[in-house]
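**Student:** below are the sequence and a predicted model; questions follow.
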Amino acid sequence: MFEDTRPAELDASGGSDPWGQFRVAQAQERLSLLRALRDGSVPVVLSAPDGTSMAVTLWALDADQGRMNLSVDAGAPQLPQLVDVDEAVAVAYLESVKLQFDLQDFMLVHGATSCTLQCRLPDEIYRFQRRNAYRVRTRESHGPQARFRHPSMPEMRVELRVLDVSIGGCALWLPPDVPPLQAGTLVADVQLELDSDTRFTSAIGLQHVSAQGAWHGSAGGNGTQGVRVGCEWRGLPAASERVLQRWIDRTQRRRHLLTVG
């Protein structure tokens, strides 16, 4: 349903190739994209066919051997299952571009102080524009908020500013005084308040976390440090989806009238 964030089906049917326009054909161009993920320490979310999911980062590339090393959390409970399944779809974001590729032939390599997940270089990479749904960038004066229990510290309730919203998901601002959130995490029972009349509850999947930087939209005109967290709605109830769509349509019309005026 939400093509801007969920992994897209790559299987062609009937001998056609509907994804050909998105495929990165040149090997050197694929390596260039992988190097950009490596050099930027960009989070990569791996999703196995059995539903296992975890976030990693690309640590090293060996073009001669056709292998790549992924930095992983050695204590992650999903790791052994991911290695056993031996295949996963990888999704990562470079600015406004979504990259998706299949990974296979996993091998867990334990070092003296670290742990890496080794696999074959992808034979194909698909490149998509991320946002194909109208996205409303919120205004600070309206103060949209998301409230939920921190997934790593359930005793802590957090309240994060909502930066923008679409029918597929939202972006949250995580200040430095809040414990970090990891891409690939599912957060249940998130209470969204977009304005005094628009409230709903949904689970969200944390898709990507931006590099740290300043945001200059805080009250009083002072920039604040933090990170941007891109989220996808998960299991959004039909009633909540209707409420959200009405809010997006209403906001879009209001801003259009202001622009015209």
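**Tutor:** Yes, it's here. Numbers count the residues shown, from 1 in each chain.

**Student:** tell me what whichever strand or helix holds residue 45 is packed against?
**Tutor:** Per DSSP states H and E, residue 45 falls inside strand 43-47. With contacts defined as 3 or more Cβ pairs under 8 Å, 6 or more residues apart in numbering; DSSP states H and E, strand 43-47 has these neighbours: strand 53-62, strand 87-94, strand 198-209. From N, CA and C alone the C-beta is placed, and that goes for glycine too.

**Student:** show me how far the first one is from its chain's centre.
**Tutor:** It stands for strand 53-62. 15 Å (Cα atoms, centre = their mean, to the nearest Å).

**Student:** now do that strand, average pLDDT.
**Tutor:** The average of the pLDDT scores along strand 53-62 is 88.

**Student:** show me the one of the helices and strands packed on strand 43-47 that comes nearest residue 22.
**Tutor:** Nearest to residue 22, of all the helices and strands packed on strand 43-47, is strand 87-94, at 13.2 Å by Cβ to Cβ.

**Student:** re earlier: with just CA atoms, put the strand holding residue 45 into CSV.
**Tutor:** Extracted as CSV, the C-alpha positions of strand 43-47 are listed here (Å, rounded to 0.1, in the frame of the first residue of the first chain):
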residue,chain,number,x,y,z
PRO,A,43,21.4,2.5,7.9
VAL,A,44,20.4,-0.5,5.8
VAL,A,45,17.3,-2.4,6.8
LEU,A,46,17.4,-6.2,6.0
SER,A,47,14.1,-8.0,5.7
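
**Student:** I'd like the numbering to begin with 34 instead of 1 from here.
**Tutor:** In the new numbering, first residue 34, that becomes strand 76-80.
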